[in-house]
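Visitor: sequence plus the predicted model coming up.
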Amino acid sequence: MTNAKPPCPAWTGMVPVEDTALAVTDTGGPGVPVIYLNGQFAVRSYWRRVIAELGAEYRHIGFDMRARGKSGRSADYSFDANIRDVDAVLAARGVDRPLVVGWSYGAALAVHWADRNPDRVAGVVLVDGAYPFDWSEDAPPERIRKLFRRMSVLLPLLRPTGLVPRMSAEEMAESNIELNEIYGELGPVLDEVTYPLRYVVATGGNFGGGRDEMERMRASLTPVLARNPHITVSAKVASNHGSILRKDFRAVADSVRELAFGSLSG
């Protein structure tokens, strides 16, 4: 990938989007642009170890989703709204063809954004997310609503720590239910992938999902790998879903390097 434009300076600020504004960090520089898409209720700082590992050879762009981190609240927390926000951040930073890296919820965002922009994506790295698994039996909507109703007592206490978004328990539950529905419909989306896509797969359980459930979810990827040669697993790591960016950031960085090398040499 060649870039005749002058290097973009580093920038941190707010990008207005619809009824809110998103907190964005762009390290700038002449390197391959990489945009990082967060877990469902996480913030951009979760990627700091991956970014430090990759260093200044890359241009790192991260942002907090609506009502997360330093971004504003909104009337719309839907998956489609978050897809539109990826477009808005890239447009605001003048990035035409990024590598897209997503963890958990962000992985589903990454593959759907790429599906809508196949000519703009240099490659996609999915970190323990975007598995084509049907959660309807393991996590039916009422189970999820019940879980978040129980959590609602704790949310006001946790919000000052920045560990939870400024969303109601009902909004968080509906976002989770929507994500599960999207997972159940991912198979055809993955079958259509024609760009390089790499998975970094975790091990074990997660909050809200036991080890057996999570491993069955990960196993749903096997038929996709057999059908589509553009999709491969870069690494199966020992850490679990929640700790993968902290403990296995080098494996994520290696996947980014692999795709960046391919985009530059191609």
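Guide: It's in. Numbers count the residues shown, from 1 in each chain.
Visitor: just the residues contacting the helix or strand bottoming out on mean pLDDT in the chain, thanks.
Guide: Here the helix or strand of the chain ranked lowest by mean pLDDT, DSSP states H and E is helix 155-158, holding a mean of 83. Identification of contacts with helix 155-158 by C-beta atoms under 8 Å, 6 or more residues apart in numbering yields 164, 168, 169. C-beta coordinates here come from the backbone N, C-alpha and C atoms, glycine included.
Visitor: and it, which residues are buried?
Guide: residue 155 (16 or more other C-beta atoms under 10 Å).
Visitor: now do stretch 125-137
Guide: 125, 126, 127, 128, 129, 130, 131, 132, 133, 134, 135.
Visitor: the residues you listed in strands, which ones?
Guide: 125, 126, 127 (DSSP state E).
Visitor: how close does the first one sit to residue 176?
Guide: Separation of residue 125 from residue 176 (C-beta to C-beta, to the nearest Å): 23 Å.
Visitor: swap in the last one?
Guide: Going from residue 127 to residue 176 by C-beta to C-beta gives 18 Å.
Visitor: what do you get for the second one?
Guide: Look at residue 126 and residue 176: by C-beta to C-beta, they are 18 Å apart.
Visitor: pick out the most distant pair among the buried residues of stretch 125-137.
Guide: 125 and 134 (24.1 Å; C-beta to C-beta).
Visitor: where does residue 33 sit: helix, strand or coil?
Guide: strand (DSSP: H, G, I helix; E, B strand; the rest coil).
Visitor: is it bridged to anything, and to what?
Guide: residue 59 (DSSP bridges).
Visitor: what's the neighbour count on it?
Guide: Residue 33 sits with 27 neighbouring residues when counted by other C-beta atoms under 10 Å.
Visitor: ditto for residue 117
Guide: The number of residues near residue 117, taken as other C-beta under 10 Å, comes to 17.
Visitor: what about it, distance to residue 111?
Guide: Taking C-beta to C-beta, one finds residue 117 at 11 Å from residue 111.
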